[in-house]
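K.L.:
Sequence first, then the predicted structure:
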Amino acid sequence: MRPAWGWLPLAGVAFCALMMAVALGLEHIGGLEPCPLCVFQRVGVIAAGLTLAVAAGHNPGGRIGRSVYAVLGLVAVAGGAFVAGRHVWLQSLPADQVPSCGPGLDYMIDVLPMQEVIATVLSGSGECADVDAALLGVSLPAWTLVGFIVLAAFPLAMLWRAAKR
């Protein structure tokens, strides 16, 4: 007997929880303050986790329902991976090409429309180009990008399994 479809989204939720635990641990135990791009990457992890949690709870029976959840999960993962990739790119820029530091995320959310906040954050700032910590010579945003690539395996497997149905 094959295992239920629900274990795939649950495994994805567990991986999202692990990613968030590492991020929050680095912030609250390690003392690393997240830059605006880091916060947006966390939003991608949370969006993917919530989508996968709803998919596990709903456990749709049909191919279309399962495919919808898988695609929504992939969209959340792709958004987070895009932001992480942008962050890695900013960190790879020569010092003279790094954008200047902008206002903090809390301030921007208070005074700017959300569309402008998103555009400003994605354009990056000097604080996002700093490499505050690295593990095995790889920056934290690069590790997060690796995490998103691994995370993509869960909705992709869900999509593959839905197509086989």
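P.N.:
Structure received. Numbers count the residues shown, from 1 in each chain.

K.L.:
which element follows the longest helix seen in the chain toward the C-terminus?
P.N.:
When the chain is scanned for its longest helix (criterion: DSSP state H), the result is helix 63-92. Counting by DSSP states H and E, the next helix or strand C-terminal to helix 63-92 is helix 105-111.

K.L.:
roughly how far out does that next one sit from the chain middle?
P.N.:
From the chain centre to the centre of helix 105-111 is a distance of 21 Å (Cα atoms, centre = their mean, to the nearest Å).

K.L.:
Does anything pack onto that helix? Which helices or strands?
P.N.:
helix 36-58, helix 114-123 (3 or more Cβ pairs under 8 Å, 6 or more residues apart in numbering; DSSP states H and E). Just so you know, the C-beta spots here come from the backbone N, C-alpha and C atoms, and that holds for glycine as well.

K.L.:
what's the next secondary structure element after the lowest-mean-pLDDT helix or strand in the chain?
P.N.:
For the chain, the helix or strand with the lowest mean confidence is helix 126-129, at a mean of 62 (criterion: mean pLDDT, DSSP states H and E). On the C-terminal side of helix 126-129, the closest following helix or strand by DSSP H and E is strand 134-135.

K.L.:
tell me what that next one is packed against?
P.N.:
So strand 134-135, by 3+ Cβ pairs under 8 Å, 6+ apart, packs with no helix or strand.

K.L.:
tell me the SS of P34?
P.N.:
coil (DSSP: H, G, I helix; E, B strand; the rest coil).

K.L.:
tally of neighbours for the residue lying closest to it once chain neighbours are set aside?
P.N.:
Excluding its sequence neighbours, the residue lying closest to P34 (Cβ to Cβ, 6 or more residues apart in numbering) is E27, at 6.0 Å. Neighbour count of E27, defined by other Cβ atoms under 10 Å: 14.
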